[in-house]
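>>> Here's a sequence, model it:
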Amino acid sequence: MLRSSRANKREPCPDTRLRVISKNQSSSSPQGFKWLFLLILVGIAFLVYHVYNSEKKVAPGVIETPEGGFGLSSERQAKLDRELEEIDNAVQYALVANLNGVYPCLSCPFGLKTIYLYEGNVWKYGVTRKKESERYPGGNYGAENLLFIPMFFGTYSECLKQEKQMIYSYPLLPEVTARDVILARPPGNKYDS
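Model (predicted):
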């Protein structure tokens, strides 16, 4: 009997009340969405105005010309000219042993870390677009008792080709074939380039 009396009474269940509250909240939601949409539009308009009406920002080294165009600053132009000149005037060189003795070996196989070189033996072949003093400040050639000897002058490309030729031909030199260990490249050249 208790069941039937409860069934006849139509009390709203808790879920129904929640749905009603939920519907009331959702009815105010479109109004909030309109304000958000309007705020976004105003923000976009402000951004577009600011971007198109502000002065152009110019990176260091770039200047505005009197004609309204853009060009390189005198410092940047001088740097470009210097680098182009360096590319046209490179040198392929050798670092050779200045004294008989033990030198570091960057290309030795079998875990060897040093090699004995006689005076005049090649330790490394290289290319530079700069002067010796700029390439090796303070005479720091990577090992003690080495001498910088220019071998070929030309464009950077020509010097790179000459360096490759010297490195790959290194195992054929008499100073190399006389050793117990024949190296694929000079001791100071860790790689073929």
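>>> Which stretches in this structure count as strands?
Using DSSP state E, the strands found in the chain span residues 62-64, 70-72, 90-97, 101-104, 114-117, 122-128, 146-154.
>>> Quick one: closest of these to L183.
With CB to CB, the closest approach to L183 among the strands of the chain belongs to strand 114-117: 7.7 Å. (C-beta placed from N, C-alpha, C; glycine too.)
>>> That closest one pairs with which strands, parallel or anti?
strand 101-104 (antiparallel) (DSSP bridges).
>>> residues touching N89, list them.
Contacts for N89 (CB atoms under 8 Å, 6 or more residues apart in numbering) come out as R129, F153, T155.
>>> Surely the last one and A90 touch.
Yes: the pair formed by T155 and A90 meets the contact definition of CB atoms under 8 Å, at 6.4 Å.
>>> okay, those two: which has more neighbours?
Remark: of T155 and A90, A90 carries more neighbours, 22 against 13, as counted by other CB atoms under 10 Å.
>>> So that one versus L80, what's the distance?
A90 sits 17 Å away from L80, going by CB to CB, to the nearest Å.
>>> Tabulate the strands of the chain (CSV), appending mean pLDDT.
As requested, these are exported to CSV (pLDDT from 0 to 100):
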stretch, mean pLDDT
strand 62-64, 90
strand 70-72, 91
strand 90-97, 97
strand 101-104, 97
strand 114-117, 96
strand 122-128, 97
strand 146-154, 97
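>>> and the ones you listed as CSV, adding distance to K164?
Converted to CSV, the strands of the chain look like this (distance: least, CB to CB, whole Å):
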stretch, distance to K164
strand 62-64, 37
strand 70-72, 34
strand 90-97, 10
strand 101-104, 23
strand 114-117, 22
strand 122-128, 9
strand 146-154, 12
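>>> right, so of these, which gets closest to M166?
So among the strands of the chain, strand 122-128 is nearest, using CB to CB, at 4.4 Å.
>>> Next, the angle strand 146-154 makes with the closest one.
40 degrees (axes from the mean of the first three to the mean of the last three CA atoms, to 10 degrees).
>>> Just want the angle from strand 122-128 to strand 90-97.
160 degrees.
>>> thought K124 was touching N189?
Yes: with contacts counted by CB under 8 Å, K124 reaches N189, the gap being 5.3 Å.
>>> give the contact list for the residue lying closest to E75 once chain neighbours are set aside.
Counting by CB to CB, 6 or more residues apart in numbering, E75 lies nearest to G61, which is 7.0 Å off, once chain neighbours are set aside. Neighbouring residues of G61 by CB under 8 Å, 6+ apart: L72, S73, E75, R76.
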